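Peer 1: Okay, structure incoming, though there's no sequence with it:
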Ligand SMILES: Cc1cc2nc3c(=O)[nH]c(=O)nc-3n(C[C@H](O)[C@H](O)[C@H](O)COP(=O)(O)O)c2cc1C
């Protein structure tokens with residue numbers, strides 16, 4: 001079977017280019033070392049991105065973009081997010097959780113939420129990287145937050161398994177260069193594991209052919225079953 005090209009998107013949620021960017025790059029480079037994997041990156045450093053204000057102008061008007069804010073959120077981000085098979089969210093620890101910048105960025109994917117509810121992202125795999133100035137500054141908690149943020153948009157989470165549980169945890173010691181050797185191993189292993197999981201899923205979809213569709217990823221048997229399921233729930 002010929003390998004399908006598989007795309008992994010990395011999003012860096014630090015307001016500056018420093019250790020989190022370096023950690024994400026390590027994961028993406030490791031992923032790209034797997035044959036057939038292409039990586040792309042959105043680095044939010046220096047970006048001003050407003051939080052979605054839940055006005056639902058996008059959904060009410062059937063728009064695939066936010067008509068409200070004119071800020072640094074670019075149209076191409078929707079395309080990159082829509083078209084990736086794998087997603088890595090990387091964030092520095094801010095008050096033991098992800099930066100507001102990363103959360104604002106994800107909230108702005110609101111125009112794509114209908115696609116998520118239709119199961120379009122159900123085959124996507126995701127993983128998180130958390131960087132803290134402290135050795136124990138909330139990385140583990142934050143990884144759960146990142147994983148939940150991805151769950152909420154229909155992404156399937158992979159972690160480090162028995163090695164490092166729910167994602168890569170990095171200690172920056174508040175320096176500007178990545179020096180945490182254990183953290184580097186984790187982030188590289190995570191990138192490679194994500195790459196292989198994406199490959200397995202995407203090639204598996206090709207193999208299954210017509211048996212698999214967007215509805216399957218939401219647990220329905222086919223698209224009619226999906227519509228019926230939604231109407232039963234009043235959606
Ligand atoms: C507003 C703010 C809050 C922070 N809160 C935490 C924290 O809760 N836990 C922690 O370990 N480090 C915390 N830090 C330190 C950063 O996570 C650390 O410097 C990290 O390396 C920054 O990532 P960057 O180098 O990619 O920008 C905080 C830093 C800032 C600016």
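Peer 2: Now that the structure is in, tell me what you want to look at. Just so we're clear, the structure is a prediction, and the values are computed from it rather than from any experiment.
Peer 1: interface residues of this structure facing the ligand?
Peer 2: 14, 16, 18-20, 92-96, 131-134, 137-138, 172, 174 (CB under 6 Å from any ligand atom). Heads up, the C-betas are built off the backbone N, CA and C, glycines and all.
Peer 1: and those residues, which of them are in helices?
Peer 2: 19, 20 (DSSP state H).
Peer 1: Filter the residues of the chain next to the ligand down to the buried ones.
Peer 2: Buried by 16 or more other CB atoms under 10 Å: 14, 18, 19, 20, 92, 93, 94, 131, 132, 137, 138, 172, out of the residues of the chain next to the ligand.
Peer 1: The fourth one: what's it in contact with?
Peer 2: For residue 20, the residues meeting the contact criterion (CB atoms under 8 Å, 6 or more residues apart in numbering) are 12, 13, 14, 90, 91, 92, 129, 131, 170.
Peer 1: Could you work out the most separated pair of these?
Peer 2: 13 and 170 (13.3 Å; CB to CB).
Peer 1: How many residues are close by residue 218?
Peer 2: Applying other CB atoms under 10 Å, we find 17 other residues in the vicinity of residue 218.
Peer 1: cool, residue 163 as well?
Peer 2: 12.
Peer 1: ok, for the closest residue to the ligand within the chain, nearest residue in space, not its chain neighbours?
Peer 2: Across the chain, no residue is closer to the ligand than residue 137, which sits at 1.9 Å (CB to the nearest ligand atom). Excluding the flanking residues, the one nearest residue 137 by CB to CB, 6 or more residues apart in numbering is residue 93, at 4.9 Å.
Peer 1: Now do the strands in the chain.
Peer 2: 6-12, 37-43, 86-92, 125-132, 156-157, 168-171 (DSSP state E).
Peer 1: what residue ranges in this structure score low on pLDDT?
Peer 2: Filtered on pLDDT under 70, the chain yields the residue ranges 1-3, 235.
Peer 1: Now do the lengthiest helix in the chain: which elements does it pack against?
Peer 2: The longest helix of the chain (DSSP H) is helix 181-208. Contact analysis of helix 181-208 by 3 or more CB pairs under 8 Å, 6 or more residues apart in numbering; DSSP states H and E lists strand 6-12, helix 19-32, strand 37-43, strand 86-92, strand 125-132, strand 168-171 as its packing neighbours.
Peer 1: List the contacts of the shortest one.
Peer 2: For strand 168-171, the external contacting residues (CB under 8 Å, 6+ apart) are 19-20, 23, 27, 127-135, 139-140, 143, 160, 178, 180, 183-184, 186-187, 189-190.
Peer 1: Are any of these buried, and if so which?
Peer 2: 19-20, 23, 27, 127-132, 139-140, 143, 160, 178, 180, 183-184, 186-187, 189-190.
Peer 1: Quick one: neighbours of the residue nearest to residue 128 when sequence neighbours are not counted, just the number.
Peer 2: Leaving aside its sequence neighbours, residue 128 sits nearest to residue 146 (CB to CB, 6+ apart; 3.3 Å). Other residues lying near residue 146 total 26 when counted by other CB under 10 Å.
Peer 1: wait, isn't residue 146 in contact with residue 139?
Peer 2: No. Counting by CB atoms under 8 Å, residue 139 is not a contact partner of residue 146; they are 10.2 Å apart.
Peer 1: overlap in contacts of these two?
Peer 2: Common neighbours of residue 146 and residue 139, counting by CB under 8 Å, 6+ apart, are residue 130.
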